[in-house]
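Colleague: sequence first, predicted model second:
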Amino acid sequence: MVTDPVADMLNRIKNAGVVRHPTVTVQHSKFVLAIAEALKRHGYIVSIEKKGKKAIKLLEIELAYDERKTPKLKGVERISKPSRRLYCGAKGLKPVRNGYGLIMLSTPKGVLSGSEARKESVGGEMLFKIW
């Protein structure tokens, strides 16, 4: 049983990219799907497909690679964990890796990146940094 499905999904995506797998399968939930859709918006994922039946639902995620076959997702750092939740307002968001990365937040308007949250002027729970 996985106690942190978000960290499990991120590690599976990162590890699949390191060994250059085209797809990865993760457990389905509405929150994991929202995070995957946000990653797709920013180009880290090519496509998302729901698979499975009632009891066992899965997401099949196709990873994005550049022209040299290196994964677009190079690293992930989980910020908010089940044991410690961290929150930030819109004004407190800072660039990740001098603008080359993203910070993802869970806001009242859904899962947004740091730049999207600044435009919407909403804060929320800081989920992870990705570059």
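Modeller: Right, received. Where do you want to start? Remember, predicted model here, so these are calculated numbers, not experimental data.
Colleague: any chance you could map the strands in this protein?
Modeller: 23-27, 45-52, 57-63, 76-78, 87-88, 102-107, 110-113, 124-130 (DSSP state E).
Colleague: name the single longest helix found in this protein.
Modeller: helix 5-18 (DSSP state H).
Colleague: can you list the buried residues in that helix?
Modeller: Across helix 5-18, burial judged by 16 or more other C-beta atoms under 10 Å covers 5-7, 9-10, 12-14, 16-17. C-beta: built from backbone N, CA, C; applies to glycine.
Colleague: how about the spatially most central residue of the chain, nearest residue that isn't a chain neighbour?
Modeller: Taking C-alpha atoms, centre = their mean, the centroid of the chain lies closest to residue 35, which sits 4.7 Å from it. Closest residue to residue 35 apart from its sequence neighbours, by C-beta to C-beta, 6 or more residues apart in numbering: residue 111 at 5.4 Å.
Colleague: burial of the one you found, as a residue count?
Modeller: Residue neighbour count, defined by other C-beta atoms under 10 Å, stands at 23 for residue 111.
Colleague: check contacts around it.
Modeller: Counting by C-beta atoms under 8 Å, 6 or more residues apart in numbering, residue 111 touches 31, 34-35, 37-38, 104-105, 127.
Colleague: could you break the protein into its assigned domains?
Modeller: 5-63, 76-130 (automatic domain parsing).
Colleague: make a markdown table out of these and add distance to residue 70.
Modeller: Below are these laid out as a markdown table (distance: least, C-beta to C-beta, whole Å):
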| stretch | distance to residue 70 |
| --- | --- |
| domain 5-63 | 8 |
| domain 76-130 | 14 |
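Colleague: kindly reformat those domains as TSV containing mean pLDDT.
Modeller: Converted to TSV, the domains of the chain look like this (pLDDT from 0 to 100):
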stretch	mean pLDDT
domain 5-63	95
domain 76-130	95
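Colleague: right, and residue 106 touches residue 128 too?
Modeller: No - contact criterion C-beta atoms under 8 Å: residue 106 and residue 128 do not qualify, at 10.3 Å.
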